[in-house]
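Visitor: how does the following fold in three dimensions:
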Amino acid sequence: MFVQRLELVDYRSYSAAVVELEPGITVFVGLNGQGKTNLVEALRYVGSLSSHRVATDAPLVREGADRAIVRCTVVGEGRSIDVDLEITASGSNRARLNNAPVTRTRDVLGTLRTVLFAPEDLALVKGEPGERRKFLDELLAARLPRFAGIRSDYDRVLKQRNSLLKSARSSRPQENLESTLAVWDEQLSDFGSQIIQSRVELIDELRPLVLAAYTDLAPESGETSIDYRSFLGDDVGTSLETIKAGFYEAMASARKSELERGMSLVGPHRDDVFLGLRSLPAKGYASHGESWSVALALRLASYEILREDLRGGGDPVLILDDVFAELDVRRRERLAHAVSSAEQVLITAAVAQDVPTLLVGQRFEVVRGSVSKAS
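Guide: Got it, this is the predicted structure:
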């Protein structure tokens, strides 16, 4: 799989830009603030419908415009697909595949699969649990687009249930409250159990791949580990029936506290991923370089999983956004070796010399929102 063409209209710093791409290595070189990250962010958005830099879509729309357009042509499995996304500063986004409108924007998920490495990835190790949950859920949605619908349904039910819990001090009779809560309990446990099952199964797949990738990147630093930490306990298993039964039990136990606090206290929205290094938590114990290596190992493991899923349809597109400047020479070379055989690698760098010589390919220069191919 590779991106053949990228077109931006009113996206971030670009009023208009068109970039023709090829398989292999592509490097975008430009000083900070020139717009090189905006290019790869747009492709990442096509693959995940989210930015790795901001939580909302509004900053993606160029100042003064009411919408941004991202168009790209994706080639894979012997055919090409045109993806058009219309991103609005407020309101609903729209999407088209091969010029045909899709019912829901998330219907484009799976058309382009990307794995992005960026400085923000350090939050996977050092940040809050939400960063790690997001990592799992985005990878699950990339593998199985219907997971995005399950997660969306869960968030909708969670919001409704929280609203009901907040209103528990009203004059509504207690028995009516309990019967209404029972409806939301059923839906929350249904969607939530599917999320937990999917996450646990994904962790089981990631575990040996993360260990292998970390060993390649930092063999002198010992072993790393990854485990799911659920409100149901560390040994939650993958049986949907068992998870759902535990979910109900946890909600019953937490009912009094939930009514007092007006919020849902159990569910996958409160789970975490444990990242270990030499049997200690990586968060708080790993050095800066070790934390970077753990984060990179997570992304490399993701890449291996998506590549296996494609099975002949090509590799996912690898994006390295200003990563090499954060690494020492040894880790640069090891990362370059790990990704050099990918079908398409897109790299951004402020200084061309930061990119290892192994990753030689076409090069673009980015200056004040203008993209030109280097001679």
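
Visitor: host element of Thr242?
Guide: Using DSSP states H and E, Thr242 sits in helix 240-261.

Visitor: would you mind pulling up the elements that that helix packs against?
Guide: Packed against helix 240-261 by the contact rule (3 or more CB pairs under 8 Å, 6 or more residues apart in numbering; DSSP states H and E) you find helix 146-166, helix 174-217. C-beta here means a position set from N, CA and C on the backbone, and glycine is covered the same way.

Visitor: in CSV, could you pull the C-alpha coordinates for whichever strand or helix holds Val371?
Guide: Using DSSP H and E, Val371 falls within strand 370-373. What follows is strand 370-373, C-alpha atoms only, in CSV (Å, rounded to 0.1, in the frame of the first residue of the first chain):
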residue,chain,number,x,y,z
SER,A,370,5.3,25.6,-0.3
VAL,A,371,6.4,22.1,-1.3
SER,A,372,9.0,21.6,-4.0
LYS,A,373,10.9,18.5,-5.1
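
Visitor: buried residues in it?
Guide: Residues Val371 are the ones in strand 370-373 that count as buried (16 or more other CB atoms under 10 Å).

Visitor: centroid residue for the protein?
Guide: Glu138 (3.9 Å; CA atoms, centre = their mean).

Visitor: please name the residues that touch it.
Guide: Glu138 is in contact with 48, 50, counting by CB atoms under 8 Å, 6 or more residues apart in numbering.

Visitor: chain center to the helix or strand containing it, what's the gap?
Guide: Using DSSP H and E, Glu138 falls within helix 129-143. Chain-centre distance of helix 129-143: 5 Å, with CA atoms, centre = their mean, to the nearest Å.

Visitor: and the angle from it to helix 146-166?
Guide: Relative orientation of helix 129-143 and helix 146-166, computed by axes from the mean of the first three to the mean of the last three CA atoms, to 10 degrees: 140 degrees.

Visitor: numbering from 51 from now on, please.
Guide: Done: numbering now begins at 51, and the last item shifts to helix 179-193.

Visitor: in helix 179-193, what's buried?
Guide: For helix 179-193, burial by neighbour count (16+ other CB under 10 Å) applies to 181-193.

Visitor: save those residues as JSON lines, and put in pLDDT and distance to Phe167 too.
Guide: Shown next, in JSON lines, are the buried residues of helix 179-193 (pLDDT from 0 to 100; distance: CB to CB, whole Å):
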{"residue": "Glu181", "pLDDT": "94", "distance to Phe167": "15"}
{"residue": "Arg182", "pLDDT": "96", "distance to Phe167": "16"}
{"residue": "Arg183", "pLDDT": "96", "distance to Phe167": "19"}
{"residue": "Lys184", "pLDDT": "94", "distance to Phe167": "15"}
{"residue": "Phe185", "pLDDT": "95", "distance to Phe167": "12"}
{"residue": "Leu186", "pLDDT": "96", "distance to Phe167": "17"}
{"residue": "Asp187", "pLDDT": "95", "distance to Phe167": "18"}
{"residue": "Glu188", "pLDDT": "91", "distance to Phe167": "14"}
{"residue": "Leu189", "pLDDT": "93", "distance to Phe167": "14"}
{"residue": "Leu190", "pLDDT": "94", "distance to Phe167": "19"}
{"residue": "Ala191", "pLDDT": "90", "distance to Phe167": "19"}
{"residue": "Ala192", "pLDDT": "87", "distance to Phe167": "15"}
{"residue": "Arg193", "pLDDT": "88", "distance to Phe167": "19"}
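
Visitor: many thanks, I have nothing further to ask.
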